[in-house]
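Asker: no sequence on this one, just coordinates:
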């Protein structure tokens, strides 16, 4: 079984702001990014995460707008 890995990119603004975050928040963010890279962005096993959208309604870029 081949593993799929996702590429997670942070915006330049976010990247510049990382130095202002407390260390525990940076650690939590690092774990989150690793989890998304390993398992993907559409999840159903996180608490308070809604039912996934059908493939035609999913957004692949968090900045894009769903119609």
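Answerer: Received it, and whenever you're ready, just let me know what you need. Quantities reported herein were computed from a predicted structural model and do not represent experimental measurements. Residues are numbered from 1 along each chain as shown.
Asker: The protein: helices as residue ranges?
Answerer: Assigned by DSSP state H, the helices in the chain fall at 12-17, 23-39.
Asker: Would you mind measuring from residue 19 to residue 57?
Answerer: For residue 19, the distance to residue 57 under the criterion C-beta to C-beta, to the nearest Å works out to 36 Å. (Glycine included, C-beta is placed from N, CA and C.)
Asker: what about stretch 40-53, average pLDDT?
Answerer: Stretch 40-53 carries an average pLDDT of 68.
Asker: Out of the helices of the chain, which one sits most buried?
Answerer: Mean neighbour count (mean count of other C-beta atoms under 10 Å) peaks for helix 23-39 among these, with a mean of 12.
Asker: re the thing from before, I'd like the helices of the chain laid out as CSV, including distance to residue 6.
Answerer: As requested, the helices of the chain are exported to CSV (distance: least, C-beta to C-beta, whole Å):
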stretch, distance to residue 6
helix 12-17, 17
helix 23-39, 5
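Asker: do you know which of the ones you listed lies nearest residue 45?
Answerer: Among the helices of the chain, the nearest to residue 45 by C-beta to C-beta is helix 23-39 (8.7 Å).
Asker: quick one: contacts for the residue nearest to residue 6 when sequence neighbours are not counted?
Answerer: Distances taken as C-beta to C-beta, 6 or more residues apart in numbering place residue 37 nearest to residue 6, at 5.1 Å, with adjacent residues excluded. For residue 37, the contacting residues are 5, 6, 7, 8, by C-beta atoms under 8 Å, 6 or more residues apart in numbering.
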